[in-house]
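> here you go, sequence then predicted model.
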Amino acid sequence: MGPIFSFIEFCVDSCRNQVKPVAGSIVYCDLHFGWMEHSGVYIGKGKIVHLNGKGVVEAVTAKQFLAGKTGYNIYVSCKGEKPVGSDKVAERARERIGMEKGYNFILDNCHEFTAGCLTGEIPNPNNFVWMLKHEVEKAYGSDNWRFWNNYFFDKPFD
């Protein structure tokens, strides 16, 4: 989408109520000042399962999910003002912890992994966050994304 759109989205989202994800919520953060994103699946107890840049599926905290990235916020899949998720999706993500697979920045990345947890299909063609968002909309009826927490205005991820 680009950094200007990401900044406008940040300003709008800062005015909305923040949410805490539920098991199976799809989450993402911005990378490289809005030029790209990183995604994963919230599995509960403060943990997110994601495919890291080395091709390893791991469970991390929210702070670890953001570590080394340029994003300050984690967006959570929501319908209206409520976070949406699924225990089945969270379980699919948990089952893949420790899995190693090839990683390709464009063709085999975190979005494909996250969409696979959502749909049960790996591999799949969902290699960009806009594709992942479309899958989340189909699966959960998600109609917006809200901050989990905001580093600028609150204590991060209590």
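Nice, thanks for sending it over. Worth saying up front: this structure is predicted, and the values here are computed from it rather than measured. Numbers count the residues shown, from 1 in each chain.
> quick one: distance of stretch 130-142 to the chain centre.
A distance of 12 Å separates the centroid of the chain from that of stretch 130-142, by Cα atoms, centre = their mean, to the nearest Å.
> cool, stretch 17-34 as well?
Counting by Cα atoms, centre = their mean, stretch 17-34 comes out at 5 Å from the chain centroid.
> quick one: low-confidence parts of this protein?
Filtered on pLDDT under 70, the chain yields the residue ranges 1-16, 32-35, 69-71, 149-158.
> quick one: neighbours of residue 44, just the number.
15 (other Cβ atoms under 10 Å). Glycine gets a C-beta too; all of them are placed from N, C-alpha and C.
> what of residue 95?
Neighbour tally, residue 95, other Cβ under 10 Å: 12.
> sheet-wise, list the partners of the helix or strand hosting residue 146 with their directions.
In the assignment (DSSP states H and E), residue 146 maps to strand 144-150. Strand 144-150 pairs in its sheet with strand 73-79 (antiparallel), by DSSP bridges.
> hmm, who's touching the partner strand?
Strand 73-79 is contacted by residues 10, 13, 19-21, 25-30, 42, 48, 62, 65-66, 83-85, 136, 140-151, 157 when judged by Cβ atoms under 8 Å, 6 or more residues apart in numbering.
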